[in-house]
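**Student:** Build me a model:
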Amino acid sequence: MDGATQLRALPEDLALRVAVEDFYARYVEIANDPLRLEDWPELFTEDGQYRVLPQENWQQGWPLALVRAESRGMLKDRVAAAQGINTYTPRVMRHLVSNIRCDRAGSGEIETKANFAVFETMIDEPSRVFATGVYRDRLIEDTDGLLRLQEHVVVLDNDLVPNSIVYPL
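**Tutor:** Numbers count the residues shown, from 1 in each chain. Next up, the predicted model:
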């Protein structure tokens, strides 16, 4: 696409980008707030999928995931597990999402790609990098007009997995 064509396409593309960035801002607000963590599954469609896998598995097309949930009900189980861990060792999780790319796909879907970093701070320890990688997601506009994740694929930069990977990435 040349520069002039990009400028003519800007308003629609810009509206899409703003909507997707707003979605990720909402995602991060919920994932970072232990009092709102129960709302996290609502960011997914009823049959929404959540997978966390190492980069090598993604690149090779291997289906093996470190974490896999295939419905909102399974995501609610993950939230219960995360809340249980926070009871024993209080911590603060901080998500950063950047370099968001989005494109409309068929059937009203939006394909997105974004870099992420998650930091963990234990109450009596310095902050540390918890995980970094790339989100490769499919969003849809649900009947209530909100964007929801049909598929949230978290591709980790390395194979080392934090002990408390029950937290949403």
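
**Student:** Longest helix in this structure, by number of residues?
**Tutor:** In the chain, ranked by residue count with DSSP state H as the criterion, the top helix is helix 3-32.

**Student:** who's residue 104 bridged to?
**Tutor:** According to DSSP bridges, the residues that bridge with residue 104 are residue 110.

**Student:** Can you report how many residues lie near it?
**Tutor:** Look at residue 104: counted by other Cβ atoms under 10 Å, it has 12 neighbours. Backbone N, C-alpha and C define where each C-beta goes, glycine included.

**Student:** Please enumerate the strands of this protein.
**Tutor:** With DSSP state E applied, the chain shows strands at 44-54, 67-69, 91-104, 109-122, 128-141, 147-156, listed in chain order.

**Student:** Buried deepest among those strands, which one?
**Tutor:** When neighbours are counted by mean count of other Cβ atoms under 10 Å, the highest per-stretch mean among these falls to strand 147-156, a mean of 20.

**Student:** Looking at that strand now, give me its mean pLDDT.
**Tutor:** Rounded to a whole number, the mean pLDDT of strand 147-156 is 97.

**Student:** Tell me who's in contact with residue 127.
**Tutor:** Residue 127 sits next to 94, 119, 120, 121 when contact means Cβ atoms under 8 Å, 6 or more residues apart in numbering.

**Student:** quick one, phi/psi of it?
**Tutor:** With angles defined as degrees, to the nearest 10, residue 127 sits at phi -60, psi 150.

**Student:** from here on, count from 89
**Tutor:** All set: I'll call the first residue 89, so the last point we hit is now residue 215.

**Student:** how close does it sit to residue 209?
**Tutor:** For residue 215, the distance to residue 209 (Cβ to Cβ, to the nearest Å) stands at 4 Å.

**Student:** residues shared between the contacts of those two?
**Tutor:** Residues touching both residue 215 and residue 209 comprise residue 182, with contact defined as Cβ under 8 Å, 6+ apart.

**Student:** Name the nearest of the contacts of residue 215 relative to residue 243.
**Tutor:** residue 207 (18.3 Å; Cβ to Cβ).

**Student:** Please name the nearest non-neighbouring residue to residue 216.
**Tutor:** Taking Cβ to Cβ, 6 or more residues apart in numbering, and ignoring the residues beside it in sequence, residue 216 has residue 208 as its nearest neighbour in space, at 5.8 Å.

**Student:** go on, residue 182?
**Tutor:** When the adjacent residues along the chain are set aside, residue 182 lies closest to residue 207, with 4.5 Å between them (Cβ to Cβ, 6+ apart).
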